[in-house]
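Enquirer: predicted model, plus sequence, below.
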Amino acid sequence: MQKIIRFLASGIIAGIAAVTVIDLEEKQIIPPDLGSTLEGLFKFLYEYKELIVFAVVFGLMFITFGALIAKILAPKVERALIKHSMQETLMYIIGLAIGLGMANLLGAPLLSGKSGIINVLWGIFLYLGLGYIGVYIVHIKKEEMKGWFTKKDSNTLVSAPKILDTSVIIDGRILDIIKTHFLEGKIIIPTFVLDELRHIADSSDKLKRNRGRRGLDILNEIQNLKNAPIEVMEIDYKNIKEVDVKLLKLADQIQGVVVTNDFNLNKVAQLQKVVVLNINDLGNAVKPVVLPNEEMVVTIVKEGKEQEQGIAYLNDGTMIVIEGGKKAVGETKTVLVTSVLQTSAGRMIFAKIIK
């Protein structure tokens, strides 16, 4: 990468030098027969000694600092190329090309009639400024632009960006899900979710403060994952106060998917036709299957809400409501499953004591 950067820089400087020499020759500042006589060469060197000294000094500076600059830039360029997909890289190149094209169109009328040094300074400012603006516009709009290059097919599952909400980060299970590569596509953490996490972590309520700090710790681990395409998206909607509404708006804007374990957000998203991945649904899907009329041995830990009911739990946290279990609190019993209730909020098993 360092060799490529130095090669490009050398090529640019050599190209500028060649164009400058041709321009000077056309203006007859450099005589066409300069190299034909030794006297003509010495005369030219004497008349333009300041320019030649400047060129030599600049060349030495480039040789001295070029390697250092390439050494600094190379790792950053490599990291940027690894971080962004080929599609994103091409979009950045297109943005840069459009910016430079605009600079070229505006440069002709703006720079005509100006002296040499002013012309150069204005040209540098114009090309750098508009080139940066072109790249920056692509950076903030790239998720929307991806939809232009993606053919939508209802029969094809597209790896849409996954947007994490506050609850799923605090929950912590998302970290292991990302590690196992079950989530395809880019994983996006909006800045307004970060702000909410910081606000919770600074809460005066001890429980909320601990939850917020846990969320920040989980988020830090997620960002440190090497092989996961994580992006903190700098975006906010100042006219919207609720974070859930912001999440749904962002998902609709970038054609993304909200990842959550918030039951209410899940329902609202369904009403607004926004795709949601509820990790509670995933957790329920991979739990061991329990069927009616199946027997199991459980320990009844407390009384239930209804009369004569007792409560027990499976190892995965699934609650078992046991008919007639109130009198057996603290005891281990064999129960018979009578029914299983499955919802997005979780799973509940109903059973009765048989032994």
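Expert: Yes, it's here. Numbers count the residues shown, from 1 in each chain.
Enquirer: what bridges to Glu189?
Expert: One correction, residue 189 is Ile, not Glu. Val232 (DSSP bridges).
Enquirer: from what I see, it and Leu219 are in contact.
Expert: Yes. Assessed by C-beta atoms under 8 Å, Ile189 is found in contact with Leu219 at 6.8 Å. All C-beta atoms are positioned from the backbone trio N, CA, C, and that covers glycine.
Enquirer: hey, where'd the strands end up in this protein?
Expert: 162-164, 187-190, 230-233, 257-260, 276-278, 295-299, 302-303, 309-313, 319-323, 332-343, 346-353 (DSSP state E).
Enquirer: on that earlier part again, list residues touching both of Ile189 and Leu219?
Expert: Contact criterion C-beta atoms under 8 Å, 6 or more residues apart in numbering; residues shared by Ile189 and Leu219: Ile169.
Enquirer: the nearest residue to Thr260 once chain neighbours are set aside and Asp316: what is the separation?
Expert: Spatial nearest neighbour of Thr260, chain neighbours left out: Asp165 (4.4 Å); criterion: C-beta to C-beta, 6 or more residues apart in numbering. Computed as C-beta to C-beta, to the nearest Å, the Asp165 to Asp316 distance reads 23 Å.
Enquirer: so the two - more neighbours on which side?
Expert: For Asp165 versus Asp316, neighbours defined as other C-beta atoms under 10 Å are more numerous around Asp165 (26 against 11).
Enquirer: got the contact list for the more buried one?
Expert: Contacts of Asp165 by C-beta under 8 Å, 6+ apart are Val193, Val243, Asp244, Leu247, Val258, Val259, Thr260, Asp262, Leu265.
Enquirer: a markdown table for the strands of the chain, including mean neighbour count?
Expert: What follows is the strands of the chain, written out as a markdown table (neighbours: other C-beta atoms under 10 Å):
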| stretch | mean neighbour count |
| --- | --- |
| strand 162-164 | 25 |
| strand 187-190 | 22 |
| strand 230-233 | 17 |
| strand 257-260 | 24 |
| strand 276-278 | 21 |
| strand 295-299 | 14 |
| strand 302-303 | 14 |
| strand 309-313 | 20 |
| strand 319-323 | 20 |
| strand 332-343 | 15 |
| strand 346-353 | 19 |
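Enquirer: so which of those is nearest Asn284?
Expert: strand 346-353 (5.3 Å; C-beta to C-beta).
Enquirer: dump the residue contacts of Lys287.
Expert: So Lys287 contacts Asp316, Thr318, Arg347 (C-beta under 8 Å, 6+ apart).
Enquirer: what about the closest residue to Ser203 other than its chain neighbours, neighbour count?
Expert: Distances taken as C-beta to C-beta, 6+ apart place Arg209 nearest to Ser203, at 4.9 Å, with adjacent residues excluded. Here the number of neighbours of Arg209 (other C-beta under 10 Å) works out to 14.
Enquirer: now swap in Lys179 and tell me
Expert: Residues near Lys179, counting by other C-beta under 10 Å: 14.
Enquirer: cool, and Leu194?
Expert: Neighbours around Leu194, by other C-beta under 10 Å: 18.
Enquirer: now swap in the one 3 residues further on and tell me
Expert: Using other C-beta under 10 Å, Leu197 has 22 neighbouring residues.
Enquirer: that one contacts Thr166, doesn't it?
Expert: Yes. Between Leu197 and Thr166 there is a contact under C-beta under 8 Å: 6.0 Å.
Enquirer: who touches both of those two?
Expert: Gly215.
Enquirer: so, low pLDDT: which residues of the stretch 151-300 of the chain?
Expert: In the predicted model of the stretch 151-300 of the chain, residues 151-158 satisfy pLDDT under 70.
Enquirer: please, where are all the helices along it?
Expert: 166-171, 173-179, 191-201, 206-223, 243-254, 263-271, 279-285 (DSSP state H, counting those that start in this stretch).
Enquirer: which neighbouring elements make contact with the longest one?
Expert: Right, the one you point to is helix 206-223. helix 166-171, helix 173-179, strand 187-190, helix 191-201, strand 230-233 (3 or more C-beta pairs under 8 Å, 6 or more residues apart in numbering; DSSP states H and E).
Enquirer: specify the angle between the longest one and helix 206-223 in degrees.
Expert: Using axes from the mean of the first three to the mean of the last three C-alpha atoms, to 10 degrees, the direction of helix 191-201 lies 140 degrees away from that of helix 206-223.
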